[in-house]
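Asks: here is my input; please provide its structure:
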Amino acid sequence: MTRIEVVPSILSADVSRLGDQVREAVAAGADRIQVDIMDGHFVPNLTFGPLVVEAVRKVTDLPIEAHLMIEHPELFIEAFVKAGASLIEVQVEATTSLYRTVEAIKELGADAGVAINPATSVETLREIVPYIVLVNVMTVEPGFGGQKFIAHSPEKIRRLRAMAPDLEIEVDGGIDAQTAPLVVKAGATVLVAGSSVFGHKAGIAAGIAAIRKAVG
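Replies: The predicted model follows:
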């Protein structure tokens with residue numbers, strides 16, 4: 001069986017205790033940590049920059065993925081790699097030079113992934129799949145945490161899995177113990193979880209455990 005990875009997103013963490021919260025997630029068995037980068041233009045929210053990636057890197061040796069929900073991501077790749085990001089994800093909708101951007105990520109020594117918004121067809125990925133390690137299928141409209149999972153997302157994941165049998169497929173948005181089994185059954189292998197981990201009423205470890213149990 002393929003091991004399902006759980007990736008806590010610090011978008012839902014208590015930033016005033018970020019170091020402690022990341023340490024808790026690591027101790028609870030997180031596979032890597034996601035940092036959501038938003039610029040207020042590509043999505044209607046402002047979040048983190050390279051300094052936050054650097055801060056996360058100081059408290060864990062786990063891989064860090066930087067999800068760039070920003071316009072012109074190619075301008076910022078080097079800064080995030082230097083800050084400690086292991087994987088850079090760019091939105092396919094945010095750049096007109098996707099191949100060049102993906103190659104730039106790899107040349108800087110990081111793994112390259114892409115993310116697609118809910119209304120973007122998986123067909124747009126057909127030509128870039130051979131050059132990346134991961135596709136992040138957004139299961140909410142990007143920009144804010146705590147949104148409701150879009151119900152048709154599993155069918156989209158199934159189509160992508162049929163197109164790319166060996167690719168890592170990540171899902172991001174509304175993932176919890178109820179929705180995780182739906183996306184895993186459809187072919188997802190990496191589960192990003194924000195509010196269901198950092199906002200779990202019994203704590204971070206319980207949030208991760210609930211997701212693992214649901215897909216276990």
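
Asks: list the contacts of Ala27.
Replies: Residues counted as contacts of Ala27 (C-beta atoms under 8 Å, 6 or more residues apart in numbering) are Ala205. For the C-beta atoms, the positions are set from N, CA and C on the backbone; glycine is no exception.

Asks: how close does it sit to Glu107?
Replies: 34 Å (C-beta to C-beta, to the nearest Å).

Asks: ditto for Glu93
Replies: Taking C-beta to C-beta, one finds Glu93 at 23 Å from Glu107.

Asks: of these two, which one has the most company?
Replies: Glu93 (18 against 12; other C-beta atoms under 10 Å).

Asks: tell me the SS of the more buried one?
Replies: Secondary structure for Glu93, judged by DSSP: H, G, I helix; E, B strand; the rest coil, is helix.

Asks: could you find the closest non-adjacent residue to Lys106?
Replies: Leaving aside its chain neighbours, Lys106 sits nearest to Ala112 (5.3 Å; criterion: C-beta to C-beta, 6 or more residues apart in numbering).

Asks: do Leu62 as well
Replies: Arg32 (5.1 Å).

Asks: what about that neighbour, neighbour count?
Replies: By other C-beta under 10 Å, 19 other residues sit near Arg32.

Asks: which stretches of this structure form helices?
Replies: In the chain, the helices defined using DSSP state H lie at 18-27, 50-59, 77-83, 98-107, 153-163, 180-186, 195-198, 204-215.
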